[in-house]
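Engineer: coords please:
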Amino acid sequence: MKLEGAEAGMFDPQKHQSLQADLFAKVDSTAMPSEVVHYCASLNEDKFLHNGDGISQHARCNFHAPCGGVRKAHQHYSSVSQQTRGPCVLPSFAKEDAKQNKDVSSVTGSCGLLSMFKPYKRAHDAYLKYQRSLPFNTVVPEPPHTFHDYLAASLSYYLAKVFYILILVALSPVWVVVHIVLVVLDSRQRRVWRNYRRSWPHRSQSLVRPVKYTSDSSFPLENWHLRCEDGRQRWYYGSALRKAEEGNELGRAQACGFVDLESYHARLSEQGALGQNPKPDPELLSAKIQQRREFERYQLGLNKPSVRRPRESSEKAMQDGLAFLMRLQDPFSGHWPNGYGGCMFLTPGFIFTKFIVANGDLGRMFPPVKDHSHVPCGEGNQGDVQGVLGGQAEGPLMGEDILSCGTDGRTRDEAPCYCEEAKRLEFIRYLRNYQNDDGGWGQHIEGHSTMLGTVLNYISLRMMGVPAEDPSAASARRWIHAEGGAVYTPLWGKMWLCILGLFSYDGVSPLLPELILLPRWIPFSIQRMWCHSRIITLPFLYLFGLRWSASPHPLLDALKMELFVQPFASICWRRYRYEVCPKDLYTPVSSILKVASRVLDLYERRPISFLRRYALEKYWQHIAYDDESTHFICLGPVNKCLNMLVTWIREGENSARYQLHLQHINDYLFMSPYGMYMSGYNGSQLWDTSFVVQATCACKSEMLFPNEMTLAHHYVDISQIRDDPIEKDYFYRHRTKGAWTFSTRKQFWQVSDCTSEGLRAILLLRHIPFPTPRIFDAVDEILSLRNAGGDGGWASYEPKRAPRYCELLNCSEMFKDIMVECSYAECSSSCIHTLSLFREQFPYYRRSSVNTAISEGIAYVFSTQNPDGSFYGSWAICYTSAAWLVSSALRVSKEFPNIANHPHCRKLADFLMRHQNNDGGWGEDMNSCVRQEWVDSSDGSQVVNTAWAVMAIMNVSGEPYHTNSARRQRIISAVDRGIQLIMSRQLDSGDWNQERINGMFNGNNPIHYPGYKNSMTVWALGMYNTWKRTFKSAPTE
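Structural biologist: Purely as a prediction, here's the structure:
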């Protein structure tokens, strides 16, 4: 049954100390606080950079029963963030003295020298500043604000350290034995997994399919438009929105005829004094509007098909490819908008959450958007101009809202909003287009049908109004029944079914919320998990601890009959805990996990009530913190939907937190020719932009596209994170100051290779000013992410925190290497590459640390090379991608004067040349990652794999005089044939057709990078045009 709010509690600041452990407040179901709109639209980012602390919120409830009591007790509490109605009321200590420079610390009872000793003041001031920036009370614990509290906190911290050290010393003999046993078991289990994966029988299929289901005639694709605001991407349907796009300052300045922000700001100051604003140049603005409309049509597949037209030279192919690539840039934001799809289990999470919140009401699931005010389009491109100017076709200053024509704040002829209904139809269309011929859906768009994909997407279709008799639904149901029914869904699917009330929690292996209470020094503690697994685990364990499920609904009752072969009431749920459809199973559960689950099951039958209460509050605190720290974008789409659901359970639909979640859900939705889907991130903005910049520089053409490169540089500039998360250690976060994310700055999760690629774009465009201290911040971030005390390499988001044997507890059944961070050849190579480039330009900053990081990083990369010379790619497909990144780092590092004859480099080049196809290209299948061995693509050579391979061979070819004549001719032949393959597939427009999928994560899930077919091919052509003038033209021995 659904949990609801109960009696309200009142927050009394005077009782704060005594109520820290048991304070709760009511879910406010009244109107959303008015501050939320201001918070989203005009919050100064610098006020939201996280360098302070906050209030801890704990639980008080009476658990009368082990399981049912937990659910009942949960009805009596909510977070402090909804303790008041209407505008947010902060505690009195947060109201005192709003002036930024005034001393706001609450030190009392201090005098003389003691009053001058305030080591806690800075943290507490930052906390108050952070709290004032939010329209709700933060979940961040409040730091000490008196000397007494500071002393007590410090003493408690060090006593805990001493206690843990004593425990470790006392248990060290036992722990050493356990450690050795786990290492042995892990080694044995990994051999089992490797052999299992090598025999993976399933073939992939192309993501490029005929569009069997076109858009509804009432909702033509031409009416979809993309808003880009400093990288934030949101699709909307219909007439232009009255509200102007926010941000995009340099793009606006360029539309007004300015080449940089300095001159634009100077003019603003001059005309602002006269009460005027710079107006956009009609021709410049029209060109930008037209460019955006062109790439909108390109993304929607509305352009006429282009035929292949090979160019007469590699220079001409490069120029045409680069010119087309520049047309794909957003002319206002500066980044390259692309989809980031491929996963077929993401959109269902969004649909399920919407269904639960709306209680199955389709109108409430997809209602007209409240803040969408559509302005009817005029003639020509007037509607497009309005989409950027916010309805100001005559445009005083872009960024201001048009004045309303009526007293109700709406224009007299305002067009209705059909955005949500259009989304519903496009979601359905996407699922229909990617349904396999056997009736099922895969885990991803190139995959065979699986139980997870089929069950989740079948439910999604039914929840979006598709009847059970529909041919798509009927064929999916037949597939489910033929495979034994939904009881064979993997763990992720079972958890979603439990949340919907379509599965019993007894059928899920125990996921104890109390695990969050384990101290950090225990390797299996949640703090040490890989960040994605950790962040997704939080809401899953929270809901499991409550045994929460949705309210009964006729559709859910119908699904209980449709999804299972046997009667729902007769199913023995415990029997299916580890039963998984063979077509889903990629990582069988280890024996260690099964034994541990039996032990945990004994506790789960009669949990300790106060520990369960405290653990649930800890989970909520961490869930809410991820929301706050990422501006409610969240780390990824899975925890976005789960966090959104948990927030609704605790705080209600009209709470400030839930409304902020709702406003950022569209950041994950992207349109394609096949329909709308939920992306694997809120975009790949920084990642794709940095690659385009590097490709342009490889073509030595950055000066030929000054406006585009300046705009791209500006996007990279504003995307850098400027500070660390508030109270990062308490919430298991790593530092972020100087880092770049995969997408946008507000997403706020640092990534090692994204930071490296972002910094590299800055270093390559050094003719454009950029603050040197921020370059040093980025280098500090890269160095901090290295596993300096371990293998010397770089992981993805954070340094390695736990031993490899924690993977024994991998219960996902679908993915590999998800439990803990580990070093990757690709991430390490990216960091080595950037540090080497930095060392050339800034030879004196942390020289010793940079040198050590480069040398040890290279040693790690070499240690990952396979006997055949290959490097396994974990984040793309597969061996060609890793070869390109590794070879690029080795070349730029200049650590090997004779790189052509280095044993590791020769083996790498030989490996690639052995796998070259007869047509001169290379083609890898996604199963290369799955099976961890080279698997040729069933579609033959691919332009992206070919580009990576030829760049890798050129990188390790070295100087021509270091190579004998026979080998030199072999290298030249291999590279020339690969370049010819790329040139032969170029289209008349300068584009390349989309081929097979290129990205990958966790070994078994491809993900789509559509921008690679343009950036990587151009990059390879540009590099080749330089390489051939030195390597090919050198005299023969």
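Engineer: please parse this structure into its domains.
Structural biologist: Here the domain parsing of the chain from automatic domain parsing is 13-143, 315-332+894-1037, 490-674.
Engineer: kindly reformat these as JSON lines containing mean pLDDT, distance to residue 447 and mean neighbour count.
Structural biologist: For glycine as for every other residue, the C-beta is placed from the backbone atoms N, C-alpha and C. Below are these laid out as JSON lines (pLDDT from 0 to 100; distance: least, Cβ to Cβ, whole Å; neighbours: other Cβ atoms under 10 Å):
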{"stretch": "domain 13-143", "mean pLDDT": "48", "distance to residue 447": "36", "mean neighbour count": "17"}
{"stretch": "domain 315-332+894-1037", "mean pLDDT": "94", "distance to residue 447": "8", "mean neighbour count": "21"}
{"stretch": "domain 490-674", "mean pLDDT": "95", "distance to residue 447": "9", "mean neighbour count": "20"}
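Engineer: and of the ones you listed, who's closest to residue 184?
Structural biologist: Residue 184 lies closest to domain 490-674 among the domains of the chain, at 11.4 Å (Cβ to Cβ).
Engineer: quick one: end-to-end distance for the closest one.
Structural biologist: Taking Cα to Cα, to the nearest Å as the measure, domain 490-674 stretches 27 Å from start to finish.
Engineer: redo the domains of the chain as TSV? Include distance to residue 483.
Structural biologist: Listed next are the domains of the chain as TSV, based on distance: least, Cβ to Cβ, whole Å:
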stretch	distance to residue 483
domain 13-143	31
domain 315-332+894-1037	18
domain 490-674	5
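Engineer: those domains: which one's closest to residue 374?
Structural biologist: Here domain 490-674 is closest among the domains of the chain (Cβ to Cβ), at 15.5 Å.
Engineer: so how far is that closest one from its chain's centroid?
Structural biologist: 19 Å (Cα atoms, centre = their mean, to the nearest Å).
Engineer: and the strands in this protein?
Structural biologist: 224-229, 232-237, 240-241, 374-375, 441-442, 449-450, 669-672, 675-678, 999-1001, 1005-1007 (DSSP state E).
Engineer: sheet-wise, list the partners of the second one with their directions.
Structural biologist: What that stands for is strand 232-237. strand 224-229 (antiparallel) (DSSP bridges).
Engineer: what's in contact with the strand it pairs with?
Structural biologist: Strand 224-229 has contacts (Cβ atoms under 8 Å, 6 or more residues apart in numbering) with 233-237, 240-241, 245-248, 292, 296, 299-300, 330, 332-333, 335, 337, 384, 387, 422, 671.
Engineer: list buried residues within those.
Structural biologist: Applying 16 or more other Cβ atoms under 10 Å to those, the neighbour count classes 233-237, 240-241, 245, 247-248, 292, 296, 299-300, 330, 332-333, 335, 337, 384, 387, 422, 671 as buried.
Engineer: let me know the pLDDT of the most centrally placed residue in the chain.
Structural biologist: Geometric centre of the chain, nearest residue: residue 681, 3.5 Å, by Cα atoms, centre = their mean. Predicted confidence (pLDDT) for residue 681: 96.
Engineer: these two touch, right, it and residue 742?
Structural biologist: Yes - the pair residue 681 / residue 742 is scored as a contact, 5.7 Å apart, by Cβ atoms under 8 Å.
Engineer: can you tell me which helices and strands the longest helix along the chain packs against?
Structural biologist: Secondary structure assigned by DSSP state H gives helix 147-198 as the longest helix of the chain. If you count contacts as 3 or more Cβ pairs under 8 Å, 6 or more residues apart in numbering; DSSP states H and E, helix 147-198 packs onto helix 591-605, helix 927-931.
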